[in-house]
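**Q** below are the sequence and a predicted model for it; my questions follow.
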Amino acid sequence: MLSKAVKILSVDKTRSATAPHHGPMVSSRFDGWHDVVVLMPEQFNDALEAVLAVREQRTVVLNLSRLTPELAQRAADLVSGGINALDGQQQLVSDRVLLLAPAGVAINRISAAEAGQS
């Protein structure tokens, strides 16, 4: 059973993940929800938004499938370095999908069998 509920936010490409409409997660939010941002960069430089979102205490699902394999690898390396610098957590979900979380959020991988047990 998961310890925290997750609220998924859609990301408008015209607005930055760090824009003022997304305040940092601070003591004003104790409702058990944690922001999750889903990013699908279309250019190498767009991947930096993932690091900026984690810096703002958001968990990020980064889907690099729209990039060429070479650019996806470069973007993953860039993001990995940024997340490490922030003492964040990262987990490879699939071939080109990464889960990134700030330092205070644990990423726990569970099997389907474990998820079905209550």
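**A** Noted; the coordinates are in hand.
**Q** any low-confidence regions in this protein?
**A** 1-33, 118 (pLDDT under 70).
**Q** quick one: the strands in it?
**A** 7-9, 35-39, 59-63, 89-94, 97-101 (DSSP state E).
**Q** quick check: which of the ones you listed is buried the most?
**A** Of all these, strand 59-63 has the most neighbours on average by mean count of other C-beta atoms under 10 Å, namely a mean of 22. C-beta here means a position set from N, CA and C on the backbone, and glycine is covered the same way.
**Q** and the angle for that strand with strand 35-39?
**A** With axes from the mean of the first three to the mean of the last three C-alpha atoms, to 10 degrees applied, the angle from strand 59-63 to strand 35-39 works out at 20 degrees.
**Q** can you add distance to residue 77 and give the strands of the chain back as JSON lines?
**A** Formatted as JSON lines, those follow (distance: least, C-beta to C-beta, whole Å):
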{"stretch": "strand 7-9", "distance to residue 77": "26"}
{"stretch": "strand 35-39", "distance to residue 77": "16"}
{"stretch": "strand 59-63", "distance to residue 77": "12"}
{"stretch": "strand 89-94", "distance to residue 77": "12"}
{"stretch": "strand 97-101", "distance to residue 77": "11"}
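**Q** now do the same contact list for the nearest residue to residue 109 once chain neighbours are set aside.
**A** Once flanking residues are discounted, residue 109 sits nearest to residue 91: 6.7 Å by C-beta to C-beta, 6 or more residues apart in numbering. Residue 91 sits next to 98, 99, 107, 109 when contact means C-beta atoms under 8 Å, 6 or more residues apart in numbering.
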